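K.L.:
Compute the structure for the input listed below.
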Amino acid sequence: MKNFGFTLMELMIVIGLMMILSVVGIGSFTQATIKSKDSERKNNINQMVKAVESFYTDIGRYPLSLTNENYMHCYVKLAGVITNTTCDNNRLYSLIDGIVTSYIVIPSDPDPARKFVYISDGSSYAFYTALENTADKDLIVNADGSINQDPWGVNCGSVSCNYKVTESGLVKSL
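P.N.:
Numbering: from 1, shown residues only. Next comes the predicted model:
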């Protein structure tokens, strides 16, 4: 057997360094994953905002939702009769005298335990989500500098919503 000249102490130092580098790498990977999910959440909200603004341009109001539900109501007008119905097939659309206009396939949160929330009375709207990165610059900060984890009391699935966009744009203060 060939002697490579390694002592037990040197081998332990190398293993220790590898463990330290692994821990640092895993932490960086975890943080990158969280930021990636939050970026996807913000992008999905922006796409939904564009869709409801297009809906507003075509119909003259934003898609409705009931206070106790988070579903968008699609607009159906057949033979002069207007019906607001929960959107089917997870897409926002309007159906006017047989002509369907599809605005968006409503995305879901990258974490199955979380959800996007949409609330609208037709003249205004709010989209909510829950960001995971507590250092995100778009979160609401309390007077003491801490992040407000539940600024609106809206539930985004397994956690409270902490990010809100309205027809006026991103909400950065209460």
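K.L.:
Could you use CA atoms for every contact and neighbour count after this?
P.N.:
Fine.
K.L.:
can you map out the strands along the protein?
P.N.:
73-78, 81-86, 91-96, 99-105, 117-120, 125-129, 163-166, 169-170 (DSSP state E).
K.L.:
comparing those, which gets the lowest mean pLDDT score?
P.N.:
Ranked by mean pLDDT, those end with strand 81-86 at the bottom, a mean of 86.
K.L.:
between the strands of the chain, which gets nearest to residue 38?
P.N.:
Among the strands of the chain, strand 125-129 comes nearest to residue 38, with 9.3 Å by C-alpha to C-alpha.
K.L.:
For that closest one, which helices and strands make contact with it?
P.N.:
Strand 125-129 makes packing contacts with helix 8-59, strand 117-120, strand 163-166 when contacts are defined by 3 or more C-alpha pairs under 8 Å, 6 or more residues apart in numbering; DSSP states H and E.
K.L.:
what helices or strands is the longest one leaning on?
P.N.:
Taking 3+ C-alpha pairs under 8 Å, 6+ apart as the contact definition, the neighbouring helices and strands of helix 8-59 are strand 99-105, strand 125-129.
K.L.:
what about it, distance to the chain center?
P.N.:
14 Å (C-alpha atoms, centre = their mean, to the nearest Å).
K.L.:
Repeat that for the last one.
P.N.:
The chain centroid and the centroid of strand 163-166 are separated by 10 Å under C-alpha atoms, centre = their mean.
K.L.:
Give me the contact list for stretch 60-77.
P.N.:
With contact meaning C-alpha atoms under 8 Å, 6 or more residues apart in numbering, stretch 60-77 is reached by 52-53, 55-56, 59, 82-87, 92-97, 117-125.
K.L.:
Now, of these, which are buried?
P.N.:
Buried members of the contacts of stretch 60-77, scored by 16 or more other C-alpha atoms under 10 Å, are 52-53, 55, 86-87, 92-96, 117-120, 125.
K.L.:
could the helices and strands packed on strand 125-129 be laid out in a markdown table, adding distance to residue 146?
P.N.:
Below are the helices and strands packed on strand 125-129 laid out as a markdown table (distance: least, C-alpha to C-alpha, whole Å):
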| stretch | distance to residue 146 |
| --- | --- |
| helix 8-59 | 19 |
| strand 117-120 | 24 |
| strand 163-166 | 15 |
